[in-house]
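*Asks:* Let me see the structure of the following:
(chains A and B)
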Amino acid sequence: KNQVEQSPQSLIILEGKNCTLQCNYTVSPFSNLRWYKQDTGRGPVSLTIMTFSENTKSNGRYTATLDADTKQSSLHITASQLSDSASYICVVIGSLSGTYKYIFGTGTRLKVLA
Amino acid sequence: GAGVSQSPSNKVTEKGKDVELRCDPISGHTALYWYRQRLGQGLEFLIYFQGNSAPDKSGLPSDRFSAERTGESVSTLTIQRTQQEDSAVYLCASSRTSGSKNEQFFGPGTRLTVL
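*Replies:* From the prediction side, this is the model:
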């Protein structure tokens, strides 16, 4: 069964600290993996997109890694800010016979405290 | 340009009533997706439109759910005879095409509460 699991479910850190969010998936065949940030009451916004051959991709203070062999990805947030408080969603896109299926994780809810 | 817009932003209805949710995608985007997000859960795929092709309805949970799209513009998601378990945020997204690497841009969602 195609699944995306994220951990931790929730996380609280102090402003300025770093943190790492995990994503494990069983989606196959794999096309690409994305991390989204979802602020409360808003739709998700894309942070990074990674294909099978990419190991690392950065977007400002956000760095995503992908290990396609172990089917794991992480999102590292550096020097956290209060505005980083949000849910972070891992999405794995699987391809099958030319169609694409988006499998969403349940997200990690991050709270950054002053 | 303008992003994806959805209306209404909030909808409260009584069990058994029909509701209609609207999505205005980004102009020029041929692909449009509807998702449901229950409280504390991940997004569930409902339906997908790509140009004039037949929509992928594989995610619709029951025949009470239906959606239409006029050409490459507005889409409406209709839920008939609403049930309390239909309470959720309904998100719409659009992308330039249906290719897997095309980024999906999400609207703010419609929060549906069925009493």
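*Asks:* Around A:Glu5, count how many other residues there are.
*Replies:* By other C-beta atoms under 10 Å in any protein chain shown, 13 other residues sit near A:Glu5. For every residue, glycine as well, the C-beta is placed using N, CA and C.
*Asks:* wait, what's in contact with the residue of chain B found nearest chain A?
*Replies:* Chain A sits closest to B:Phe106 of chain B, with a gap of 2.9 Å, by C-beta to the nearest C-beta. Neighbour list for B:Phe106: A:Gly43, A:Pro44, A:Val45, B:Val4, B:Leu91, B:Cys92, B:Ala93 [criterion: C-beta atoms under 8 Å, 6 or more residues apart in numbering or on different chains].
*Asks:* same thing but at 10 Å, please
*Replies:* A:36, A:38, A:42-46, B:3-4, B:6, B:33, B:35, B:43, B:91-94 (C-beta atoms under 10 Å, 6 or more residues apart in numbering or on different chains).
*Asks:* How about the residues of chain A by chain B?
*Replies:* Proximity of chain A to chain B, by C-beta under 10 Å from any C-beta of the partner chain, involves residues A:4-6, A:9, A:30-32, A:34, A:36, A:38-39, A:41-46, A:49, A:51, A:87, A:89-91, A:93-95, A:98-107, A:109.
*Asks:* returning to that earlier point: bridged to the residue of chain B closest to chain A, which residues?
*Replies:* B:Ala93 (DSSP bridges).
*Asks:* How about A:Cys23?
*Replies:* Going by DSSP bridges, A:Cys23 is paired in beta bridges with A:Gln6, A:Ser73.
*Asks:* On the pLDDT front, check it for me.
*Replies:* pLDDT, A:Cys23: 97.
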